[in-house]
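J.: sequence first, then the predicted structure, then my questions.
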Amino acid sequence: MKLTDLIVETLKEEVVPAMGCTEPVAVALACAKAKEIIDFNEIYSAKVSLSANIYKNGLAVGIPNTDQVGLYIAAALGLVGGKSDKDLRVLEGITKNEVKIAQDLLDSGKVSIEIKDSVEKVYIEVELYTDRGTSKVIIKRKHNNFVYLKKDDEVLLNEENEVVQDTNSKSMLYNLQISEIIKIIDQIPFEKISFMLDGLEMNEKIAKTGLEKNTGMGVGYGLYKSVEDGLLSNDLMNSAMILTSAASDARMSGATLPVMSSNGSGNNGLTAILPIAAYSKMVKVDDEKLAKAVAISHIVNSYIKHYIGRLSALCGCGVAAGTGSAAAIAWLMGANEEQVDGAIKNMIGNTSGMICDGAKVGCALKLATSASAAVQSALLAVNNNIIPSKNGIVAETAEDTIKNLSTLSVDGMSITDEVILNIMKDMQKESNSELNNKKRSAM
């Protein structure tokens with residue numbers, strides 16, 4: 001396959017609309033598929049088994065069309081009203097009545113969720129038992145990648161142990177120098193890459209929602225008010241922070257609007273796109289240049305996550321999507337190869353310590369930090385202010401710096417991920433205990 005075609009194909013696979021946080025939405029997607037396999041009247045039980053990273057990222061995030069958070073309501077909504085043909089927009093169009101039915105299903109105790117010991121970062125298994133038979137569904141590797149479907153004793157799909165077909169071609173892409181990839185993207189005809197602009201429009205729309213009212217944690221809204229009050233300037237760095245965090249505020253609180261995701265993450269999509277949108281509002285950029293900049297951002301994000309993992313103990317927004325934005329903004333500013341590499345090295349040298357402690361409203365702060373750092377990294381790089389090699393994990397090249405980041409993530413932080421999850425689970429137990437005590441007091 002030609003590299004041009006491979007890049008366009010990768011963008012089409014990895015840059016897709018999603019409504020709601022991708023992890024609970026993927027759980028809803030698996031549950032919806034399990035429901036659709038059987039024509040039943042009554043659910044006896046639904047057992048949902050998740051990889052630790054899916055569990056971590058779905059524990060405390062708002063679910064669209066509800067005022068609730070978490071995996072249980074997402075699973076129940078998938079079983080009640082989700083439509084798998086909508087892919088990662090599976091919860092789009094859920095009604096109030098379906099939310100009530102889903103809550104009744106949860107109250108019945110028929111839905112259970114547990115962590116499965118899996119080497120896969122993305123793993124979702126649903127076993128559904130009904131009055132008319134059983135079904136089993138497994139999603140693996142990617143949030144919308146079904147690898148196993150079973151109805152009663154009949155296996156409908158079994159690709160669980162198959163080697164990913166595009167491994168060789170994708171590895172070829174991710175073994176190239178980033179400067180080489182950017183040159184190829186620059187040569188792609190606009191009509192083949194114009195779909196990148198759809199993400200700009202989609203993500204700016206949800207950012208506007210986050211700025212219209214104090215939703216979620218209100219990071220974007222609060223920063224915007226500070227600009228209006230004259231406490232912050234209306235510059236590129238603050239504009240990038242405000243747009244990106246406002247979109248996350250709305251998304252993490254369960255806004256019923258889709259976002260353009262990147263590499264399986266809606267927040268990655270916001271961080272990969274919106275700092276570029278902020279730049280384009282201050283500096284005139286034609287549509288072709290803008291589409292190619294967004295493509296660069298998504299590909300760099302995908303490049304880094306190929307090495308550190310689709311889900312990890314590191315915040316993908318901070319160290320991957322934000323780095324994509326930094327590289328793209330530097331490129332828009334006319335940076336040469338060394339300066340684009342420098343933007344990547346600056347960003348990784350700055351944000352490599354940012355952990356992922358699950359998806360939640362507080363992510364808006366991390367996205368604000370990432371967007372700000374992306375602009376800062378690009379501005380410094382185009383002025384040749386670049387972290388020297390052998391400073392910490394920063395190597396001679398952007399590619400070797402990313403590989404060092406991979407070693408940190410894969411080899412160095414597996415125990416960190418486990419500790420983060422244990423802290424979150426302990427706090428969840430405390431929260432459930434307090435809730436039960438309140439219920440008993442009210443009786």
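T.: Arrived safely.

J.: what's around residue 400, how many residues?
T.: Look at residue 400: counted by other Cβ atoms under 10 Å, it has 14 neighbours. All C-beta atoms are positioned from the backbone trio N, CA, C, and that covers glycine.

J.: so which elements touch the one helix or strand it maps to?
T.: Residue 400 belongs to helix 398-406 when assigned by DSSP states H and E. On a contact count with 3 or more Cβ pairs under 8 Å, 6 or more residues apart in numbering; DSSP states H and E, helix 398-406 meets helix 287-308, helix 337-351.

J.: tell me the angle the next helix or strand after the last one makes with helix 337-351.
T.: Sequence-wise, the next helix or strand beyond helix 337-351 is helix 363-382, with elements assigned using DSSP H and E. With axes from the mean of the first three to the mean of the last three Cα atoms, to 10 degrees defining the directions, helix 363-382 sits at 140 degrees from helix 337-351.

J.: with mean pLDDT and distance to residue 45 as extra columns, can I get the helices and strands packed on helix 398-406 in a markdown table?
T.: Output for the helices and strands packed on helix 398-406, formatted as a markdown table (pLDDT from 0 to 100; distance: least, Cβ to Cβ, whole Å):
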| stretch | mean pLDDT | distance to residue 45 |
| --- | --- | --- |
| helix 287-308 | 97 | 35 |
| helix 337-351 | 98 | 43 |
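
J.: give me the pLDDT value at residue 415.
T.: Residue 415 is assigned 87 on the pLDDT scale.

J.: returning to that earlier point: would you turn the helices and strands packed on helix 398-406 into TSV with distance to residue 133?
T.: Formatted as TSV, the helices and strands packed on helix 398-406 follow (distance: least, Cβ to Cβ, whole Å):
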stretch	distance to residue 133
helix 287-308	38
helix 337-351	49
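
J.: so where is the protein shaky, pLDDT-wise?
T.: Residue ranges of the chain with pLDDT under 70: 1, 162-170, 430-443.

J.: let's see 80
T.: Counting by pLDDT under 80, the chain has low-confidence residues at 1, 161-171, 414, 428-443.

J.: would you map out the domains in it?
T.: The chain breaks down into these domains under automatic domain parsing: 20-158, 167-412.

J.: out of these, deepest packed?
T.: Most buried of the domains of the chain, by mean neighbour count (mean count of other Cβ atoms under 10 Å): domain 167-412, with a mean of 22.

J.: that one: how far from the chain's middle?
T.: With Cα atoms, centre = their mean, to the nearest Å as the basis, domain 167-412 stands 12 Å off its chain's centre.

J.: look up how far residue 299 lies from the residue lying closest to residue 335 once chain neighbours are set aside.
T.: Nearest non-adjacent residue to residue 335, counting by Cβ to Cβ, 6 or more residues apart in numbering: residue 382, 4.9 Å away. Separation of residue 382 from residue 299 (Cβ to Cβ, to the nearest Å): 20 Å.

J.: residue contacts, the residue nearest to residue 335?
T.: 330, 333, 334, 335, 339, 343 (Cβ atoms under 8 Å, 6 or more residues apart in numbering).

J.: which one of these is nearest residue 55?
T.: residue 343 (34.1 Å; Cβ to Cβ).

J.: so the closest one sits against residue 322, correct?
T.: No: Residue 343 lies out of contact with residue 322 (Cβ atoms under 8 Å); the separation is 10.5 Å.

J.: ok, back up a step: can the contacts of residue 382 go into CSV with extra columns for distance to residue 134?
T.: Converted to CSV, the contacts of residue 382 look like this (distance: Cβ to Cβ, whole Å):
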residue, distance to residue 134
330, 54
333, 57
334, 60
335, 57
339, 58
343, 52
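
J.: farthest-separated two in these?
T.: Once Cβ to Cβ is applied, the contacts of residue 382 give 334 and 343 as the farthest pair, at 12.3 Å.

J.: sec struct for residue 106, please.
T.: Recorded secondary structure, residue 106: helix (DSSP: H, G, I helix; E, B strand; the rest coil).

J.: ok, and the closest non-adjacent residue to it?
T.: Nearest to residue 106 is residue 76, by Cβ to Cβ, 6+ apart, at 5.1 Å.

J.: other SSEs contacting whichever strand or helix holds that neighbour?
T.: In this structure, residue 76 sits in helix 71-80 according to DSSP H and E. Helices and strands touching helix 71-80, by 3+ Cβ pairs under 8 Å, 6+ apart, are helix 22-37, strand 43-50, helix 52-58, helix 96-107, strand 111-115.

J.: turn the ones you listed into CSV, columns for distance to residue 386.
T.: Rendered in CSV, the data for the helices and strands packed on helix 71-80 read as follows (distance: least, Cβ to Cβ, whole Å):
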stretch, distance to residue 386
helix 22-37, 33
strand 43-50, 41
helix 52-58, 33
helix 96-107, 51
strand 111-115, 42
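
J.: so which of the ones you listed is nearest residue 124?
T.: helix 22-37 (4.5 Å).

J.: from residue 329, how far out is residue 303?
T.: For residue 303 relative to residue 329 (Cβ to Cβ), the value is 16 Å.

J.: now swap in residue 119 and tell me
T.: Distance of residue 119 to residue 329, computed by Cβ to Cβ: 36 Å.

J.: secondary structure class for residue 129?
T.: Per three-state DSSP, the local secondary structure of residue 129 is strand.

J.: just list the residues touching the closest residue to it other than its chain neighbours, thanks.
T.: Using Cβ to Cβ, 6+ apart and skipping residues adjacent in sequence, the residue nearest residue 129 is residue 44, 4.4 Å away. Counting by Cβ under 8 Å, 6+ apart, residue 44 makes contact with 110, 129, 130, 131.

J.: can you put those residues in TSV and add distance to residue 362?
T.: Shown next, in TSV, are the contacts of residue 44 (distance: Cβ to Cβ, whole Å):
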residue	distance to residue 362
110	32
129	37
130	38
131	42
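
J.: from those, pick the one nearest residue 192.
T.: Of the contacts of residue 44, the one sitting nearest to residue 192 (Cβ to Cβ) turns out to be residue 130, at 45.8 Å.

J.: what residues are bridge-paired with that closest one?
T.: For residue 130, the beta-bridge partners are residue 43, residue 133 (DSSP bridges).

J.: which ones are touching it?
T.: 38, 40, 41, 42, 43, 44.

J.: cool, residue 301 as well?
T.: By Cβ under 8 Å, 6+ apart, residue 301 lies in contact with 262, 263, 268, 272, 316, 320, 321, 323, 324.

J.: which residue is the nearest non-sequential neighbour of it?
T.: residue 324 (3.9 Å).

J.: wait, that neighbour touches residue 293, no?
T.: No: shown here, residue 324 and residue 293 do not form a contact pair, counting by Cβ under 8 Å, at 9.9 Å.

J.: so which strand or helix has residue 135?
T.: strand 133-140.

J.: contact partners of that strand?
T.: Contacts for strand 133-140 (Cβ under 8 Å, 6+ apart): 26, 29-31, 33-35, 37-38, 40, 120, 122-128, 145-152, 160.

J.: stretch 57-66 too?
T.: Stretch 57-66 is contacted from outside by 19-24, 27, 50, 68-71, 73-74, 77, 91-92, 94-96, 99, 216, 252-256, 311, 356, 358-361, 424, 428, using Cβ under 8 Å, 6+ apart.
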